[in-house]
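>>> Sequence first, predicted coordinates after that:
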Amino acid sequence: MGIKLLVVGSGGREHALVWKALQSPLTSAVFCAPGNAGTASMAVNVAIAPDDVAGLVRFIRERAVDLTIVGPEAAVAAGLADEVAANGRLVFGPTKAAGQIESSKVFAKALMQKAGVPTPSFRVFDDATAARDYVRGEGRAFVVKADGLAKGKGTLVPRDVAETLEAIDELMVARRVGAAADRVLLEEPITGKEVSLLALVDGTRVVPMVPACDYKRALDGDHGPNTGGMGAYSPPGFFGDRDITAAVTRIFEPVVAALREAGTPYRGCLYAGLMLTEDGIQVLEFNARFGDPEAQVVLPRVEGDLVPALEAAARGELPADPVRWSPRATVGVVLASRGYPGPYASGALINGLSRLEPNVLAFHGGTTTAPDGYRTSGGRVLTLVALGDSLADARERAYRNVGRVQFEGMTYRADIAQREVPATQLLRSGEGVA
Ligand code: GLY
């Protein structure tokens, strides 16, 4: 009969999940709700929003969907996994209660304290005046984080006291992210190298995926506003097997155990935003889902079938070594609409996708299908991912193919994975020359 699978979400992450699921000989049907033009080209899109829990559950029952994979945080926070499980169907994604690890930064910090997981120290404030007084009293900058979900716009990293006070005003007074910042955390700033480590979790067991680095700022050199992510690569040269093992034993396993002990076991993909500091690994944040664009560079490195691992995790029966990893490197460059993450134009015709080289994948994010081809419909339009024998090779291929794609207002970062490529190679390719 085969497995009928539903991927919930509409970004590049969900296109990558659909693409990977379709390679499985076990799947007999793959649906995506609501999907995008890329998922429509290979699977069946279903026009149901990720947080329309009743609509999704109705669809799952009518079509006898065997396994649902939850993409975005909005679906986690809406309690999709709870309802799918209550209807006797398998779901890869955490319950609303376990998903608080992302939907409440205060919850995540309390959990980490309980589990003894290293994370920067912090204070919680429900009141802007008290937060401002604290900053003035300390006389230094703090990272300012909204407690709730804020689509990547809830964390501000000021450089001094004045900017910290401005950040508090922006979140708590101007309410730039609404009620998500009715409560904020002031967190001790730390420095180091950032890495995203995602793991499959079955309630008890943790299986790490390969690490990736994400680029959150809009502009080269980590300038400009925070975005959902402008590119990513895998593997980071500075985060090896020993670091992965340390992260699993000191971070993932204690947190997963604490959630289980609290009666809210975690099943699904657990994403740790980590910083490798001089004092070891610290947790910046957790996300209750696959990252975007991390999924686009991690999933192409899975050798063979991923569906049995997702299904086993959903059943609570994850084996020790369910995924084989390719040694090949991946570099993903997000092609965005000019203006993103602020206002941007949509409806531009996308040219050049048929001219991409082999070993290059185009995961759609904000696209629609039109009679004359694909058109833009979102801020992050495409993630172009190249595979290579090394990061340098993957990076060169990625940018060569970025040059083949064109749409009105197309913008992208030119420095994805640049830090991993030796300066001599950059000079040979003409980069790094003033
Ligand atoms: N790439 C960051 C995120 O998925 O939240």
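Here it is on my side, so go on. Residues are numbered from 1 along each chain as shown.
>>> Dihedrals phi and psi, the residue most central in space within the chain?
For the chain, G291 is the residue whose C-alpha lies nearest the centre (CA atoms, centre = their mean; 1.4 Å). Its backbone dihedrals place G291 at phi -80, psi 160, with angles given as degrees, to the nearest 10.
>>> Do I have it right that it meets A199?
No. Applying CB atoms under 8 Å as the test, G291 and A199 come out as separate, 11.7 Å apart. No exception for glycine: its C-beta is placed from N, CA and C like everyone else's.
>>> before we move on, the earlier item: how about the contacts made by the residue nearest to the centre of the chain?
With contact taken as CB atoms under 8 Å, 6 or more residues apart in numbering, G291 is in contact with R13, S196, L198, A212, D214, G229, A232, Y271.
>>> Now name the helix or strand holding L387.
Using DSSP states H and E, L387 sits within strand 380-388.
>>> Quick check, pLDDT for G228.
G228 is assigned 89 on the pLDDT scale.
>>> any idea how far the ligand is from it?
The spacing between G228 and the ligand, counted by CB to the nearest ligand atom, to the nearest Å, is 6 Å.
>>> What is the burial count for that residue?
Per other CB atoms under 10 Å, the neighbour tally for G228 reads 22.
>>> Then R217?
Each residue near R217 was counted by other CB under 10 Å, and the total is 17.
>>> Which phi and psi values does the residue lying closest to it once chain neighbours are set aside adopt?
Closest residue to R217 apart from its sequence neighbours, by CB to CB, 6 or more residues apart in numbering: G224 at 5.2 Å. Main-chain torsions, G224, degrees, to the nearest 10: phi 80, psi 180.
>>> I figured G224 hits A218, correct?
Yes. With contacts counted by CB under 8 Å, G224 reaches A218, the gap being 3.5 Å.
>>> Same drill for those two, tell me which one is more crowded.
When neighbours are counted by other CB under 10 Å, G224 and A218 differ, and A218 comes out ahead with 20 against 14.
>>> roughly how far apart are R13 and the ligand?
Look at R13 and the ligand: by CB to the nearest ligand atom, they are 7 Å apart.
>>> same check, this time on I416
In terms of CB to the nearest ligand atom, I416 sits 13 Å off from the ligand.
>>> ok, now which ones touch the residue lying closest to D51 once chain neighbours are set aside?
Spatially, and ignoring its direct neighbours in sequence, D51 is nearest to A78 (4.0 Å; CB to CB, 6+ apart). When contacts are counted by CB under 8 Å, 6+ apart, A78 touches P50, D51, V53, K96.
>>> what does G388 give?
Shown in contact with G388 (CB under 8 Å, 6+ apart): R328, A329, T330, V331, N359, A394, R395, E396, R397.
>>> Double-check the fifth one against A398; I have them as touching.
No. With contact defined as CB under 8 Å, N359 does not reach A398; the gap is 10.0 Å.
>>> Now for those two: what residues contact both?
Listed as contacting both N359 and A398 by CB under 8 Å, 6+ apart are A386.
>>> out of the two, which sits in the more crowded spot?
Remark: of N359 and A398, A398 carries more neighbours, 27 against 17, as counted by other CB under 10 Å.
>>> wouldn't E317 be in contact with D202 here?
Yes. Between E317 and D202 there is a contact under CB under 8 Å: 6.5 Å.
>>> who has more neighbours, these two?
Counted by other CB under 10 Å, E317 and D202 do not tie: D202 has more neighbours, with 23 against 13.
>>> Okay, that one and the ligand: tell me how far apart.
As defined by CB to the nearest ligand atom, D202 lies at a distance of 22 Å from the ligand.
>>> Next up, the contacts around the nearest residue to that residue once chain neighbours are set aside.
Taking CB to CB, 6+ apart as the measure, D202 lies nearest to L318, with 3.8 Å between them; neighbours along the chain are not counted. When contacts are counted by CB under 8 Å, 6+ apart, L318 is found next to L200, V201, D202, R205, V207, A309, A312.
>>> What about those residues, which one has the most neighbours?
The member of those surrounded by the most neighbours (other CB under 10 Å) is V201, with 28 neighbours in all.
>>> The helix or strand that contains that one: which residues count as buried?
Here V201, judged by DSSP H and E, is contained in strand 193-202. With burial defined by 16 or more other CB atoms under 10 Å, the residues of strand 193-202 counted as buried are V195, S196, L197, L198, A199, L200, V201, D202.
>>> From the contact counts, what lies against the helix or strand just after that strand?
Reading on from strand 193-202 to the C-terminus, the next helix or strand found by DSSP H and E is strand 206-208. Counting contacts by 3 or more CB pairs under 8 Å, 6 or more residues apart in numbering; DSSP states H and E, the secondary-structure elements packed against strand 206-208 are strand 193-202.
>>> Overlap in contacts, G291 and A199.
Between them, G291 and A199 have Y271 as joint contacts when contacts are counted by CB under 8 Å, 6+ apart.
>>> Out of the contacts of L318, which is nearest to V124?
The shortest distance between V124 and any of those, using CB to CB, involves V201 and amounts to 26.5 Å.
>>> Mind listing the residues bridging to that closest one?
With DSSP bridges as the criterion, the beta-bridge partners of V201 are V206, G268.
>>> so what's it up against?
V207, F252, V256, Y266, R267, G268, C269, L270, A313, L318 are the contacts of V201 under CB under 8 Å, 6+ apart.
>>> re the thing from before, redo the buried residues of strand 193-202 as JSON lines? Include pLDDT.
As requested, the buried residues of strand 193-202 are arranged in JSON lines below (pLDDT from 0 to 100):
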{"residue": "V195", "pLDDT": "98"}
{"residue": "S196", "pLDDT": "98"}
{"residue": "L197", "pLDDT": "98"}
{"residue": "L198", "pLDDT": "98"}
{"residue": "A199", "pLDDT": "98"}
{"residue": "L200", "pLDDT": "98"}
{"residue": "V201", "pLDDT": "98"}
{"residue": "D202", "pLDDT": "98"}
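>>> Go through the residues you listed and name the one nearest the ligand.
When these are ranked by distance to the ligand (CB to the nearest ligand atom), S196 comes first, at 6.6 Å.
>>> Make sure that closest one is actually in contact with V210.
No. Because the distance of 10.3 Å does not satisfy CB under 8 Å, S196 is recorded as not touching V210.
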